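Visitor: Quick one: sequence plus predicted model below, questions after.
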Amino acid sequence: VQLVESGGGLVQPGGSLRLSCAASGFTFSRYGMTWYRQAPGKERELVASISSTGAIINYSDSVKGRFTISRDNTKNTVYLQMNSLKPEDTAVYSCRARVLVTSTLYDYWGQGTQVTVSS
């Protein structure tokens, strides 16, 4: 299993970024995907999750109305569109897949992508 995030960078407050997480090594369309973030000195925070078909989506209260999670099962990729970014959104963003392997669930993580919101 491999997860590769991209799309992070430096953006001014109020700006937008779109993160991507490209997945391989498992049947992507069968599994929900989740974006997390971790800021320096803080615990990792769940940002958004999406079910295997995209029918069920959840957001943390801190990003609801500003971020949009989506997925393209033909491209094995999950996205996080981030609008109206705030300095407090600064963090390393990572995607997670929880995959069933021989009756055991395993968590797989990407390497993360840095998002910095600053003027």
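Guide: Yep, it's here.

Visitor: all contacts plus neighbour counts: C-alpha atoms, from now on.
Guide: Will do.

Visitor: where's the residue nearest to residue 59 when sequence neighbours are not counted relative to residue 102, distance?
Guide: Counting by Cα to Cα, 6 or more residues apart in numbering, residue 59 lies nearest to residue 48, which is 4.3 Å off, once chain neighbours are set aside. Distance of residue 48 to residue 102, computed by Cα to Cα, to the nearest Å: 27 Å.

Visitor: if we can go back for a sec, state the distance from the residue nearest to residue 59 to residue 25.
Guide: Residue 48 is 22 Å from residue 25, by Cα to Cα.

Visitor: higher neighbour count, those two?
Guide: Neighbour comparison, residue 48 and residue 25: the larger count goes to residue 48, with 23 against 8 (by other Cα atoms under 10 Å).

Visitor: now for the host helix or strand of residue 106, which elements pack on it?
Guide: Counting by DSSP states H and E, the element that carries residue 106 is strand 104-109. Applying 3 or more Cα pairs under 8 Å, 6 or more residues apart in numbering; DSSP states H and E, one finds that strand 104-109 contacts strand 2-6, strand 91-101.
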